[in-house]
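Enquirer: Coordinates only, no sequence provided:
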């Protein structure tokens, strides 16, 4: 029975939930999730939980924000004049938009508030600042 280590390609099934039990993602109704350990393809806490697991093993881990999507940062929330939203877009709460920074990078933002004159955009990841709980089953160490 193989034990997962950095450099291994692994197949897992997982279910991710918040403290209140809300499931935010799961592979259980899909194909197993396959990725290579050590290639920064997943959040650090998820990857660290799998390292050292044996094939067939299941574990539940709680991952703090700093090992997931980081802390919620107020400086990533900005209110803009409604005229800055393209006229072909009708803003709705929760809508995801892409914005370009002055440096030219593109980021996703979520509309958090809308008034007659302004729109509040949030550049935080939707799971930023949250402790995440994952139930992970290591199905297979595919290669190393």
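Expert: Cool, the structure landed. Here the structure is a predicted model, which is why all the values come from computation and not from measurement.
Enquirer: Point out where this protein drops to low pLDDT.
Expert: Judged by pLDDT under 70, the chain has its weakly predicted residues at 1, 143-144.
Enquirer: Helices along that one, start to end?
Expert: Under the criterion DSSP state H, the chain contains helices at 44-50.
Enquirer: Run through who's touching stretch 40-60.
Expert: 1-6, 10, 12, 14, 35, 37-38, 61, 63-64, 67-69, 132-141 (C-beta atoms under 8 Å, 6 or more residues apart in numbering). In this view, the C-beta of every residue, glycine as well, is placed from N, C-alpha and C.
Enquirer: What subset of these is buried?
Expert: 2, 4, 10, 12, 14, 35, 37, 61, 63, 67-69, 132-141 (16 or more other C-beta atoms under 10 Å).
Enquirer: Just these: which are in strands?
Expert: 10, 12, 14, 35, 61, 63, 132-141 (DSSP state E).
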